[in-house]
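**Student:** coords please:
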Amino acid sequence: MHLATPGRRDAPVPPDDAGVSFVMPVLNEQRYLRRAVASTLAQEVPGPVELVLALGPSTDATDVIAREIAAADSRVVLVDNPAADIPVGLNLAIRASRYPTIVRVDAHSELVPGYTRRALATLARTRAANVGGVMRADGRTPFQRAVARAYNSRAGLGGGAYHGGTEEGAAESAYLGVFRRAVLEEVGGFDESIRRGEDWELNLRIRRAGYRVWFDPTLSVVYWPRESWSRLVRQFRATGAWRGELVRRYGRRNSLRFFAPPALVIAAVVSLIVGALQIAGVVRGRAASATHVPVASYAVLVGAVASGRGGGRGWRDRLWTAAVLPSMHVPWGVGFLWALVRGARDTVDTSRLSGRNTPLP
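**Tutor:** Model (predicted):
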């Protein structure tokens, strides 16, 4: 979502060779932490770099691997994140870092070659406080590829710029993000009371402080989605709950697209109730039948996406796509409505708490 009015304040532009700090929260990443670190440190920038890993309480060999990496490369710094929460880990990593530009990296993402150099150039050119690019979801199993297709579809995640936008400009938020430290410090860093959606909330404060958040479609990051149905459902229920919490806190500052999944859930419940009453002969008529139109329209949309170019190549791919879309939307909507009434409280994304969550070896 692009904004009509860019920020009025310019972020500071440090010298080209002033250095870059990469920050990465880590939890149960033993299967691919080495690869994630290697791809991050392979980024070519003019000045010095460091990578700060915020280590959550992993139950696998992640911490052992992280210590081995840090012992072999002085650019890698370790900090403990006993709370496990991503915003807490990010703040700890940022405070432990040294350089004036902060690059957020997630362990289940891969920065493409040239990402950081391009982001630095865009920051300098636009004088933005934060710049991000496109989340390019990918997968290796049939299920994960279906989730990736849903992520990359406007019907899947609602058409945010970083899910496939092509027009450069001021934006509502940014995926991951390349930040100016001075602005992060000015606005107070990540809000540690928010467990999901912390990036959107931080970018809201950056924009309210008068700075620009910028979307550059030439930047892309490979993202590996959850690889099982149960993990996907748990992830999206938690994400929806924290969006409901953000709506409680910030109201209409949230984009209208965030209200589509809960509207779907409400429409489905109404349709089920009316359908049961129709079967029992309690209600009749066109008005009652009209309550099924929203759910029927959604089913048509899912069918159109699954059978179209974005649904995959064969009938198996298309069936997976048709199954994945409601598996994302319905849990998201249920979590949203629950939190809208009661608040997100201590809702945690349990999809990352054990075992592997990406297909990387």
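**Student:** average pLDDT for the host helix or strand of residue 333?
**Tutor:** Here residue 333 sits within helix 315-342, counting by DSSP states H and E. Taken as a whole, helix 315-342 has an average pLDDT of 94.
**Student:** Regarding the nearest residue to residue 17 once chain neighbours are set aside, what is its secondary structure?
**Tutor:** Leaving out its chain neighbours, the residue that sits closest to residue 17 by CB to CB, 6 or more residues apart in numbering is residue 47, at 3.6 Å. The C-beta positions use only the backbone N, C-alpha and C, and glycine is treated the same way. Here residue 47 is recorded as coil under DSSP: H, G, I helix; E, B strand; the rest coil.
**Student:** burial of residue 47, as a residue count?
**Tutor:** As a burial measure, residue 47 scores 15 neighbours (other CB atoms under 10 Å).
**Student:** next one: residue 75
**Tutor:** For residue 75, the tally of surrounding residues (other CB under 10 Å) stands at 15.
**Student:** quick one: it and residue 49 touch, right?
**Tutor:** Yes: using CB atoms under 8 Å, residue 75 makes contact with residue 49 at a distance of 6.1 Å.
**Student:** any shared contact partners between these two?
**Tutor:** Counting by CB atoms under 8 Å, 6 or more residues apart in numbering, the contacts common to residue 75 and residue 49 are residue 41.
**Student:** Pull out the buried positions in stretch 249-258.
**Tutor:** 249, 254, 258 (16 or more other CB atoms under 10 Å).
**Student:** What is the neighbour count of the nearest residue to residue 180 once chain neighbours are set aside?
**Tutor:** Of all residues not flanking residue 180 in the chain, residue 11 sits nearest, at 4.5 Å (CB to CB, 6+ apart). For residue 11, the neighbour count with other CB under 10 Å is 25.
**Student:** mind checking the SS state of the closest residue in space to residue 289 that isn't next to it in sequence?
**Tutor:** Of all residues beyond its chain neighbours, the one nearest residue 289 is residue 278 (7.7 Å), with distances taken as CB to CB, 6+ apart. Following three-state DSSP, the label given to residue 278 is helix.
**Student:** On the pLDDT front, check residue 278 for me.
**Tutor:** Reported pLDDT at residue 278 in the predicted model: 92.
**Student:** ok, it touching residue 288?
**Tutor:** Yes: taking contacts as CB under 8 Å, residue 278 lies within contact range of residue 288: 6.0 Å.
**Student:** Now the common contact residues for the two.
**Tutor:** Here residue 278 and residue 288 have no joint contacts, going by CB under 8 Å, 6+ apart.
**Student:** Just confirm residue 184 contacts residue 103, I think it does.
**Tutor:** No: if you go by CB under 8 Å, residue 184 and residue 103 don't touch, sitting 11.8 Å apart.
**Student:** okay, the two: which has more neighbours?
**Tutor:** Taking neighbours as other CB under 10 Å, residue 184 and residue 103 compare with residue 103 leading, 25 against 21.
**Student:** Quick check: that one is in a strand.
**Tutor:** Yes: applying three-state DSSP, one finds residue 103 inside a strand.
**Student:** let's number from 89 now, not from 1
**Tutor:** Fine by me, first position is 89 from now on; the one you just mentioned is residue 191.
**Student:** and which of the buried residues of stretch 337-346 is nearest to residue 118?
**Tutor:** Distance to residue 118 across the buried residues of stretch 337-346 (CB to CB) is lowest for residue 346, with 34.1 Å.
**Student:** Name the nearest residue to that closest one, ignoring sequence neighbours.
**Tutor:** residue 331 (5.4 Å).
**Student:** Check residue 277 too.
**Tutor:** residue 179 is the one closest to residue 277 (CB to CB, 6+ apart), at 4.9 Å.
**Student:** Contacts only, for that neighbour.
**Tutor:** Counting by CB under 8 Å, 6+ apart, residue 179 touches 277, 278, 280.
**Student:** neighbours around the residue nearest to residue 377, how many?
**Tutor:** The local packing of residue 366 (other CB under 10 Å) involves 16 other residues.
**Student:** now residue 301, which residues is it bridged with?
**Tutor:** With DSSP bridges as the criterion, residue 301 is bridged to residue 218.
**Student:** so how many other residues sit close to it?
**Tutor:** Neighbour count of residue 301, defined by other CB under 10 Å: 24.
**Student:** That one and residue 291: what is the separation?
**Tutor:** Look at residue 301 and residue 291: by CB to CB, to the nearest Å, they are 5 Å apart.
**Student:** What of residue 242?
**Tutor:** Where residue 291 is concerned, residue 242 sits at a distance of 21 Å (CB to CB).
**Student:** So what's the predicted local confidence for residue 209?
**Tutor:** In this model, residue 209 is scored at 95, pLDDT.
**Student:** Figure out the helix or strand that it lives in.
**Tutor:** Assigned by DSSP H and E, residue 209 falls within helix 203-214.
**Student:** What residues sit buried inside that helix?
**Tutor:** 203, 204, 206, 207, 208, 210, 211, 214.
**Student:** With stretch 301-319 instead?
**Tutor:** Judged by neighbour count using 16+ other CB under 10 Å, the buried positions of stretch 301-319 are 301-304, 307-309, 311-316, 319.
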